[in-house]
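> Requesting a structural model of the entry that follows:
(one chain, ligands or ions: 1)
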Amino acid sequence: MSNLDMRPAPTVCGGRQDVTARPVRELLAAKQVPLGESTLVRRLLPNLGRRMVGAWCFIDHYGPDDIAQEPGMQVPPHPHMGLQTVSWLHDGEVLHRDSVGSLQTVRPGELGLMTSGRAIAHSEESPREHARLLHGAQLWVALPDGDRHIAPMWEHHAELPRVTGGGLRATVVLGELDGAASPGTTFTPLMGADIALAAGTDTRLPVRPDFEYAALTMSGEAEVDGVRLAPGSLLYLGCGRAGLPLRADVDSAFMLLGGEPFEEKIVMWWNFIGRSHDEISQAREDWTSGSRFGEVHGYGGSPLPAPELPPVPLKPRGRTR
Ligand code: MN
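Modelled structure (predicted):
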């Protein structure tokens, strides 16, 4: 998905001083962002209260929306740099096209993982024939400096490992959970899992004390470490836990996202992640002039134009929380 803010704010994030070393329970409110004409997405990250969780740097939750009489998701070709995108669905399907020639329908429970490296462009759309409901999350992972210039690639993993027991059923989207590892390529120590809790669940999930974590509720009312979460809210949990208490009175699902705190300072603007104003500005120029990012074939519409850069130079600075 693209950041469709008409005036996207530059965001400087990363760095150890933002990380809470001990366990915390910070409930972060969503910002409503229009996506196209009829859809609202809830942006949980970056958030006024927090900008990263491990290398996770962008979280949008959308739906469930009834799109039976609508075109649904229609995100025209747009560029990415310096990050990975994770497409994750609970309902519906998304047709992905990109400039390395991929054409793939992503369905619920399947991982669509795009590594932009130095440059890629893609489009995402609901197929013409689509399910009534569309519900999912779009997540970005920042690439570390040593890997952010690699060649772009697309991965689709229809089969993902599961962890089950005590009313809990977890699908490991990225990284590892309780010994089960996702086949998705990662570049920093991180994890992402979709966790379904049956009504009446009262359990404890083993997690890593050196990772920071956050929980994004998808449906129901999962209770994470004693905090009951409505759908579309994000609970930041900090580091320093070996186990995470989970309860549910009704069938619930949430995403657990975690990782080793991301040490580098990054600059995020629109769909790009770089390390300086000049890099971001060059990427914008390259997208506008039609170079570097390649072409997306088969999408029935024009590529997204880049917004104007803000007049103030983007630069990593000071404490960012
Ligand atoms: Mn995108």
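
> okay, CA-based contacts and neighbour counts for the rest of this
Will do.

> tell me the contacts of the spatially most central residue of the chain?
Closest to where the C-alpha atoms of the chain average out (Cα atoms, centre = their mean) is Leu139, at 0.7 Å. By Cα atoms under 8 Å, 6 or more residues apart in numbering, the residues touching Leu139 are 56-60, 85-87.

> Pull out the buried residues from the residues you listed.
With burial judged by 16 or more other Cα atoms under 10 Å, the buried subset of the contacts of Leu139 is 56-60, 85-87.

> biggest separation within the residues you listed, which pair?
Cys57 and Ser87 (14.1 Å; Cα to Cα).

> Quick check on the residue nearest to the centre of the chain: phi, psi?
Backbone torsions of Leu139, given as degrees, to the nearest 10, read phi -130, psi 150.

> go on, Ala283?
phi -60, psi -40.

> Next: the one 4 residues further on.
Taking degrees, to the nearest 10, you get phi -70, psi -40 for the backbone angles of Trp287.

> What of the one 3 residues further on?
Dihedral pair for Gly290: phi 80, psi 20, per degrees, to the nearest 10.

> swap in Arg284?
With angles defined as degrees, to the nearest 10, Arg284 sits at phi -60, psi -40.

> What sits closest to it if chain neighbours are left out?
Among residues not flanking Arg284 along the chain, Ala306 sits closest, at 6.5 Å (Cα to Cα, 6 or more residues apart in numbering).

> where does the chain have its least confident helix or strand?
strand 11-13 (a mean of 71; mean pLDDT, DSSP states H and E).

> ok, that strand: who's next to it in the sheet?
strand 266-269 (antiparallel) (DSSP bridges).

> residues making contact with the partner strand?
8-14, 273-277, 280, 314-316.

> follow-up on the earlier one: packing partners for the helix or strand just after the least confident helix or strand of the chain?
The C-terminal neighbour of strand 11-13 among helices and strands, as given by DSSP states H and E, is strand 23-28. Counting contacts by 3 or more Cα pairs under 8 Å, 6 or more residues apart in numbering; DSSP states H and E, strand 23-28 packs against strand 234-238.

> The strand it packs on - contacts with which helices or strands?
Using 3+ Cα pairs under 8 Å, 6+ apart: strand 234-238 touches strand 23-28, strand 212-219.

> right, and the ones you listed - which one's nearest the ion?
In terms of Cα to the ion, the element of the helices and strands packed on strand 234-238 nearest to the ion is strand 212-219, at 19.8 Å.

> For whichever helix or strand comes after that closest one, what does the pLDDT average out to?
Where DSSP H and E defines the elements, the next helix or strand beyond strand 212-219 is strand 223-224. What strand 223-224 shows for mean pLDDT is 98.

> Residues contacting strand 223-224, please?
215, 229, 244-248.
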